[in-house]
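Participant: 3D model of this:
(2 chains)
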Amino acid sequence: MIYFDNGATTFPKPANVNDAVNRANKLYGANPGRGGHKLAIKASEMVYDSRKAVADFFGASGPEKVIFTLNCTLALNTVIKGLLKEGDHVIISSVEHNAVLRPIEKLKLKGISYSVAEVFEEDNDKTVDSFRNAINENTRLCVCTCASNVFGTKIPFERICALCHQYGILCCVDAAQGAGIIPIDLSDSSIDYLCIAGHKGLYGPMGTGAIIINCDTIPDSLIEGGTGSNSADYNQPLILPDKFESGTNNFSGIIGLGEGIKFVKKRGSLNIYRQETQLMQYLYDNLKSNKNIILYTNRPNMDYYVPVLSFNHKKLDCESVSEKLSKRYNIATRAGLHCAPLAHKWKNTIDTGTVRVVPSAFSTRNGINALLSAIYNIK
Amino acid sequence: MDNLLRLASVTDAMKARELLGKHRIRAVIKRIPAGKGESSCGYGVYIYGNVNKTIEILESNGIFLGGLAPDDRL
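Facilitator: Prediction:
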């Protein structure tokens, strides 16, 4: 299959990731951070190495600041629900994923309000202004994605975080769609909480994600339980990462994530970003000349977009297009609303959805040609 | 002083061992024996070297015995 559903999860995974996952399960599958036997200590060391790899990659101040989660959604829920209290106000962007929107919508029941700051395509000043205008005296947190998972539009998240700090507002960035290609250095950033998916642009296995804490305000824990430490104490440990890592973690997934980061570092984030953007530009240019196709953004470039492209066919609904691409041409795309109704409202595609194409480091010009040919022939 | 230093988490123990290695102090990660320390279960580092110097190195790098800074231990 020619796979362009890399926005949901990257596939295939690099060989070193698959090998490491197999090795972890086959040779080292003890529970890390629990026992004292050799295999448990070895497993703990392997988790620690992955924790360090994530910390180093994003410039965290220490490995303990990296909290492993099962996905980016759990990371975001932990930050959002662990920080906000009755009376607080939170700002989100107009392209947020349901991983942000739904927990915040639910918190309305607890007396927490929110505002949606509009994102302006290719106009970072106006976008930052709309966040500024959304601030009120109760604003405690701002949560924004680094890029739309539907249209690829980048958000000036560093500027937004810097703005929020001027007002004493905490900032959480959802880097599900940008981690691995957009450079993020927390040692020189106003981001307080960086939430990442491990299985997308970082090429780890599914079931991996993380929160990287970059400030002194530590959220409350979302769940409590066994951590393998201070077991006689009925209270949840406060130390990081144990406070947020109750229960057995995804050992082989975490090891695979560490290897995924090695893969990205070896290829170079910017090289991957450039290569994928070139493929999206090629796709965009060719779709632009197809009179049956609707596009929703300007020509993608690295200043304003991550490599994510949405389109529609004038004569077929998005689900039918995606189904035909799969059944007839063996090409994987993702149709619908992409768990991001806000982004679709923003582009007036809430009633139609779109077909989304997302490349990976393994995508090729031949693959894009096959997609273009299939789209051309679809009826 | 006891050569087995109790740390707050296995992550702290790993971090401590790595840090001490840079100072040429050998440290081995061990589980804390039952009945030793305030609550059971946990990890520490067994030090082959000067314990007081080791504690100084650890604390100056933000790694505190049992996870508690000296002021909190009072």
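Participant: mind listing the strands for the stretch 151-300 of chain A?
Facilitator: Taking DSSP state E, counting those that start in this stretch as the test, the strands found in the stretch 151-300 of chain A are A:170-174, A:193-197, A:209-213, A:293-295.
Participant: Tell me which of these sits nearest to chain B.
Facilitator: strand A:209-213 (13.1 Å; Cβ to the nearest Cβ). From N, CA and C alone the C-beta is placed, and that goes for glycine too.
Participant: could you say what helices and strands whichever helix in chain B runs longest packs with?
Facilitator: For chain B, the longest helix by residue count, based on DSSP state H, is helix B:10-22. Helices and strands touching helix B:10-22, as assessed by 3 or more Cβ pairs under 8 Å, 6 or more residues apart in numbering or on different chains; DSSP states H and E, comprise helix A:38-58, strand B:26-31, strand B:43-48, helix B:51-60.
Participant: Redo those as a markdown table? Include mean pLDDT, distance to residue B:2 and mean neighbour count.
Facilitator: As requested, the helices and strands packed on helix B:10-22 are arranged in a markdown table below (pLDDT from 0 to 100; distance: least, Cβ to Cβ, whole Å; neighbours: other Cβ atoms under 10 Å in any protein chain shown):
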| stretch | mean pLDDT | distance to residue B:2 | mean neighbour count |
| --- | --- | --- | --- |
| helix A:38-58 | 97 | 20 | 21 |
| strand B:26-31 | 94 | 12 | 18 |
| strand B:43-48 | 93 | 9 | 21 |
| helix B:51-60 | 94 | 7 | 15 |
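Participant: Same list (those) but as TSV, adding distance to residue A:260.
Facilitator: Below are the helices and strands packed on helix B:10-22 laid out as TSV (distance: least, Cβ to Cβ, whole Å):
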stretch	distance to residue A:260
helix A:38-58	9
strand B:26-31	26
strand B:43-48	27
helix B:51-60	31
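Participant: For residue A:317, find the nearest of these.
Facilitator: Closest to residue A:317 of these, according to Cβ to Cβ: helix A:38-58, at 39.4 Å.
Participant: anything in that closest one sitting right up against chain B?
Facilitator: Yes: interface with chain B: helix A:38-58 contributes A:41, A:44, A:45, A:48, A:51 (Cβ under 8 Å from any Cβ of the partner chain).
Participant: and the next element down the chain from that helix?
Facilitator: Next along the chain after helix A:38-58, taking DSSP states H and E as the criterion, comes strand A:66-69.
Participant: Could you list every helix and strand in contact with that next one?
Facilitator: With contacts defined as 3+ Cβ pairs under 8 Å, 6+ apart, the packing partners of strand A:66-69 are helix A:38-58, helix A:72-83, strand A:209-213.
Participant: at 6 Å instead, please
Facilitator: On a contact count with 3 or more Cβ pairs under 6 Å, 6 or more residues apart in numbering or on different chains; DSSP states H and E, strand A:66-69 meets helix A:38-58, strand A:209-213.
Participant: Out of those, which is closest to residue A:89?
Facilitator: Minimum separation from residue A:89 across the helices and strands packed on strand A:66-69 (Cβ to Cβ) falls at strand A:209-213, 21.7 Å.
Participant: next one: the closest one to chain centre, how far?
Facilitator: Centroid displacement of strand A:209-213 relative to its chain, using Cα atoms, centre = their mean, to the nearest Å, is 11 Å.
Participant: Stretch A:367-379 too?
Facilitator: Averaging C-alpha positions (Cα atoms, centre = their mean) puts stretch A:367-379 28 Å from its chain's average.
Participant: buried set for it?
Facilitator: A:367, A:368, A:370, A:371, A:372, A:374, A:375, A:378 (16 or more other Cβ atoms under 10 Å in any protein chain shown).
Participant: what sits up against the host helix or strand of the fourth one?
Facilitator: Put plainly, it is residue A:371. Element membership for residue A:371, per DSSP H and E: helix A:365-377. With contacts defined as Cβ atoms under 6 Å, 6 or more residues apart in numbering or on different chains, helix A:365-377 is touched by A:2, A:279, A:282, A:283, A:286, A:325, A:329, A:331.
Participant: switch the cut-off to 10 Å
Facilitator: Helix A:365-377 is contacted by residues A:2-4, A:275, A:278-280, A:282-283, A:285-287, A:290, A:292-293, A:311, A:313, A:321, A:324-326, A:328-333, A:355, A:357, A:359, A:363-364 when judged by Cβ atoms under 10 Å, 6 or more residues apart in numbering or on different chains.
Participant: Is it possible to mark the buried ones in the residues you listed?
Facilitator: A:2-4, A:275, A:278-280, A:283, A:286-287, A:293, A:311, A:313, A:321, A:324-326, A:329, A:331-333, A:355, A:357, A:359, A:363.
Participant: Could you point out which residue ranges in the stretch 151-300 of chain A have low pLDDT?
Facilitator: For the stretch 151-300 of chain A, applying pLDDT under 70 flags no range at all.
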